[in-house]
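K.L.:
Sharing a model that was predicted from the sequence below.
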Amino acid sequence: MTDAAAFTPTPLSDILENCAYLDDWQDRMSYVIELGRTLPVLPEDKRTAENKVQGCASQVWLVTHAADGGDPVLTFEGESDAHIVRGLVAIVLSIFSGKTASEIVRTDALDLFGKMGLIEFLTAQRANGLRSMVKRIQDQAALRLRG
């Protein structure tokens, strides 16, 4: 496993391309799980109530790091205790990590998950958890924009 702070997510373009290639939903879910395996283990001291995402059936933690400035670049660390959700966390990090706060606020992550053909395969609980992750990240970005 790599250091969480030095982790570079899989490029979003690669994920979109790979999902377009995979026709079978089982293959897509296997790919999502594979992406989750690339996430480094989040240190225990970052698995706090403050970093825990509310609204997820599984346990999910997201840590936000922001550079200084009026429209800072944000990076994220994340983890989940469930294999598929861990993969969804990896995709969320690919979508948002390394982007400016204004880019994050404008990004329609759920549309991207739809283009990947993943939304329709998620249970209602997992889809709600995904929305909670996206909302938390976008709320963090909006907070940084307000200063």
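P.N.:
That came in fine, so what should we check first?
K.L.:
Ala49 belongs to a strand?
P.N.:
No. Using DSSP: H, G, I helix; E, B strand; the rest coil, the assignment for Ala49 is coil, not a strand.
K.L.:
From Asp108, how far off is it?
P.N.:
Going from Ala49 to Asp108 by CB to CB, to the nearest Å gives 29 Å. C-beta: built from backbone N, CA, C; applies to glycine.
K.L.:
Can you give me the distance of the residue nearest the centre of the chain to Ile137?
P.N.:
Nearest to the geometric centre of the chain sits Val92, at 2.1 Å (CA atoms, centre = their mean). Per CB to CB, Val92 is found 7 Å from Ile137.
K.L.:
cool, and Leu130?
P.N.:
Leu130 is 11 Å from Ile137, by CB to CB.
K.L.:
Common neighbours of these two, please.
P.N.:
Common contacts of Leu130 and Ile137 (CB atoms under 8 Å, 6 or more residues apart in numbering): Val92.
K.L.:
Which of the helices or strands spans Leu74?
P.N.:
Using DSSP states H and E, Leu74 sits in strand 73-80.
K.L.:
contacts for that strand?
P.N.:
Under CB under 8 Å, 6+ apart, the answer for strand 73-80 is 4-5, 7, 36, 39-42, 46-47, 56, 58-67, 86, 88-90, 92-93, 96-101, 104, 133, 137, 140-141, 144.
K.L.:
Tell me which of those fall in strands.
P.N.:
60-66, 99-100 (DSSP state E).
K.L.:
Surely Leu39 is in contact with Ile91?
P.N.:
No. With contact defined as CB atoms under 8 Å, Leu39 does not count as touching Ile91 (10.5 Å).
K.L.:
okay, now Tyr21: neighbour count?
P.N.:
Number of residues near Tyr21 (other CB atoms under 10 Å) recorded here: 10.
K.L.:
Report the mean confidence score over stretch 52-67.
P.N.:
Stretch 52-67 carries an average pLDDT of 92.
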